[in-house]
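Undergrad: Need the 3D shape of this:
(chains A and B)
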2 protein chains.
Amino acid sequence: MKEFNINPTDKSLKITLQQKINLKTKPLGALGKLEGLALQIGLVQASLKPVLNLPAVVVFAGDHGIALDGVTPYPQEVTYQMVMNFLSGGAGINVFARQNGMGVKVVDAGVNYDFGDLENLLRLKVNNGTRSFLKDEAMTLDELRDCMEKGSAVVNDLWSAGCNCIAFGEMGIGNTSSASMLMHYFTGINLTDCIGRGTGLDDQGLSNKTGILREAAKYHGEITDWTGIMKTFSGYEIAMMTGAMLQGAENKMIILLDGFIASTAYLGAYKLYPAIADYVVACHLSDEKGHRLLMEYLQLSPLLNLGMRLGEGTGAAIAYPIVKAAVNFLNEMASFESAGVSNKE
Amino acid sequence: MKEFNINPTDKSLKITLQQKINLKTKPLGALGKLEGLALQIGLVQASLKPVLNLPAVVVFAGDHGIALDGVTPYPQEVTYQMVMNFLSGGAGINVFARQNGMGVKVVDAGVNYDFGDLENLLRLKVNNGTRSFLKDEAMTLDELRDCMEKGSAVVNDLWSAGCNCIAFGEMGIGNTSSASMLMHYFTGINLTDCIGRGTGLDDQGLSNKTGILREAAKYHGEITDWTGIMKTFSGYEIAMMTGAMLQGAENKMIILLDGFIASTAYLGAYKLYPAIADYVVACHLSDEKGHRLLMEYLQLSPLLNLGMRLGEGTGAAIAYPIVKAAVNFLNEMASFESAGVSNKE
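TA: As a prediction, this is how the structure comes out:
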């Protein structure tokens, strides 16, 4: 498996950064979470004047064998159709990224469709969809390795072009099922607590999905090694995102963490390299059931809670202006001294 | 008192708007609060293609007699110093408004300082600070009328220039005390539950502030009429904001509601014209103690909860891109049909 060189951020600027934050023309702590963000980003960049350059969203798309086993009401073809929607600029992530000045890269990680030669699509297909993990491993060890390497390469390309702040989104009919299994196996949290309504299942649909995932867990039994969990339950888009996030942390980029599925990709990354936590900003709390518990497990406190559950990286794109605001106040706000404002008596 | 012509929004487009939202390429409801926002803004503008034009923040500044009675550790001069900071572009609100493409207007509603002729300062001073409400009414009836009219005029000027989305901020050392009294008298909520740490009081400071405000409540006793409550406890900047918000609703503008103090200005407006609720977007939950209860009382669910408590309209400016995102997805996202994406089976 590809190895990464990920270290905690250097904390030597921490006191100086905190002083800079405290001397801005505002009561101590009055910018709440923006202050913690400014500190974190300053430490990631080892700078008192951090800058966010060429922010981008990479959307990984992949299909899932489990989608054909009744866990979702959407047909699998929606995955490739949504990829076409991303490429033509009509999806949610396009709208929000465009609004907030973020670039969008779309990656075919393993969609069950032959796109041929399409401009702007990064063709990194590992296979035409995973196998169903109901009675099989979703991918081979070689495929998992391939995902990690390709995800890393995508990030390195963006990094070489000057990007230092990156969000990851996903598209893949059936991938909440994959994410629920990853969460359950990596965290030990009750499987039922990891399973949600995905694209909007009704009670019957949720009950079916839960039954199917319980059956899969029973079939595979205990798996404790990282590689075993990932190749059994991950999707190509999820594993590729894991590799991408790890490369982001190695490059000391700010990683904007989207919702439930992206968070299970992050969970995989965190299990291998816990130091990645210094580079990640949890952007939004998804309305998908397992996400709150997963955020608690990861000790992350998302910036937004807007009841969203769309995926694609939309939560990260919507949160980006807040991250930018943290950097901007650090760089642009006057200090008590520079503005001639009296501090507390 | 100036009268306003404020009506609930026309709901005749509601079903068509909701259909348009539902047919976007996303699972039903997957954009959470953005969907409710898109619906609200469409109804305010009576349009399936609403537009946010020339969004602006008006920051009203005023001084408070009560500030000299020990409720705050900051000297009163900070109010005018911060006004100078707003005018030179160095305050939090300047940074966030600039980032998000919002104009900033600064109004001297009643600062205890002679600014002389300053470019960009709207000189609408009612008086050099209110009287302390500890043993007096903060302002006269004529002054209250003056505030309402001037606030209305500021909004009409922006409206005439093409602005249809407006946020209001405030600056005034001591004004959380004024806001707490307004909240207590208008809602009947226990005074103690309306009082917070303001700019960051310690336990002793909070206890002093609470004692002083209790004394004021005891001195004035029961007041039940709107005018009586407003002239006794309001500040010039707060009352001017009340008039401004009412004019915004009359003009069918989107009103972006900031934190605790702005919310008490809104409370005053809402008590007179409850139909204003159709035009308001609660932007953030302030860390100031009374705000959560006040939001519940007003049945508002703020978009953000970032632990901020700076005032100036900063919460509204930080939330603005989310409001914009709601309008953008409604206008720009493809529908299942237009994108050729299959809907649920």
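
Undergrad: Confirm that A:Thr192 sits in a strand.
TA: No - the assignment for A:Thr192, made by DSSP: H, G, I helix; E, B strand; the rest coil, is helix rather than a strand.

Undergrad: Can you get me a residue count around it?
TA: A:Thr192 has 14 neighbouring residues, counting by other C-beta atoms under 10 Å in any protein chain shown. The way it works is simple: take the backbone N, C-alpha and C, and place the C-beta from them, glycine included.

Undergrad: What separation do you get for the nearest residue to it once chain neighbours are set aside and A:Leu294?
TA: Spatial nearest neighbour of A:Thr192, chain neighbours left out: A:Thr210 (6.2 Å); criterion: C-beta to C-beta, 6 or more residues apart in numbering or on different chains. Note on A:Thr210: its distance to A:Leu294, by C-beta to C-beta, to the nearest Å, is 17 Å.

Undergrad: what about A:Leu201, which helix or strand?
TA: Counting by DSSP states H and E, no helix or strand carries A:Leu201.

Undergrad: Contacts only, for it.
TA: A:Thr72, A:Pro73, A:Asn208, A:Lys209 (C-beta atoms under 8 Å, 6 or more residues apart in numbering or on different chains).

Undergrad: next structured bit after the stretch of helix or strand the residue nearest to A:Thr192 belongs to?
TA: In this structure, A:Thr210 sits in helix A:203-220 according to DSSP H and E. Following helix A:203-220 in sequence order, the next helix or strand is helix A:226-233 (DSSP H and E).

Undergrad: Run the chain-centre distance for the next helix or strand after that next one.
TA: Remark: after helix A:226-233, the chain's next helix or strand is helix A:236-250, criterion DSSP H and E. Its chain's average C-alpha position is 9 Å from that of helix A:236-250, according to C-alpha atoms, centre = their mean, to the nearest Å.

Undergrad: picking up where we left off before, can I get the contacts of A:Leu201 in a markdown table including pLDDT, neighbour count and distance to A:Trp159?
TA: Below are the contacts of A:Leu201 laid out as a markdown table (pLDDT from 0 to 100; neighbours: other C-beta atoms under 10 Å in any protein chain shown; distance: C-beta to C-beta, whole Å):
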| residue | pLDDT | neighbour count | distance to A:Trp159 |
| --- | --- | --- | --- |
| A:Thr72 | 94 | 26 | 35 |
| A:Pro73 | 91 | 16 | 39 |
| A:Asn208 | 97 | 16 | 43 |
| A:Lys209 | 97 | 24 | 38 |
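
Undergrad: ok, and which of those reach chain B?
TA: A:Pro73 (C-beta under 8 Å from any C-beta of the partner chain).

Undergrad: now, which of the contacts of A:Leu201 sits nearest chain B?
TA: Ranked by distance to chain B (C-beta to the nearest C-beta), the contacts of A:Leu201 are led by A:Pro73 at 4.6 Å.

Undergrad: I figured the closest one hits A:Leu206, correct?
TA: No - counting by C-beta atoms under 8 Å, A:Pro73 does not reach A:Leu206; the two are 11.2 Å apart.

Undergrad: Could you find the closest non-adjacent residue to the residue of the stretch 151-300 of chain A found nearest chain B?
TA: Closest contact between the stretch 151-300 of chain A and chain B, by C-beta to the nearest C-beta, is at A:Thr199 (3.9 Å). Once flanking residues are discounted, A:Thr199 sits nearest to B:Pro27: 3.9 Å by C-beta to C-beta, 6+ apart.

Undergrad: Which residues are in contact with the one you found?
TA: Counting by C-beta under 8 Å, 6+ apart, B:Pro27 has contacts A:Gly198, A:Thr199, A:Gly200, A:Arg309, A:Leu310.

Undergrad: Just the closest of the residues you listed to A:Ala161, please.
TA: Ranked by distance to A:Ala161 (C-beta to C-beta), the contacts of B:Pro27 are led by A:Leu310 at 27.1 Å.

Undergrad: I figured the closest one was touching B:Leu28, is that so?
TA: No - counting by C-beta under 8 Å, A:Leu310 stays clear of B:Leu28, with 10.9 Å between them.

Undergrad: Same drill for the two, tell me which one is more crowded.
TA: Shown here are A:Leu310 and B:Leu28; by other C-beta under 10 Å, A:Leu310 has more neighbours (29 against 14).

Undergrad: A:Gly70: neighbour count?
TA: What A:Gly70 shows, counting by other C-beta under 10 Å, is a neighbour count of 14.

Undergrad: Show the average pLDDT along stretch A:242-261.
TA: When pLDDT is averaged along stretch A:242-261, the result is 98.

Undergrad: Phi first, then psi, for the residue nearest to A:Thr199.
TA: Per-residue torsions, B:Pro27: phi -60, psi 150 (degrees, to the nearest 10).

Undergrad: thinking again about what came up before, filter the contacts of B:Pro27 down to just the ones in strands.
TA: Residues from those lying in strands, with DSSP state E as the criterion: none.
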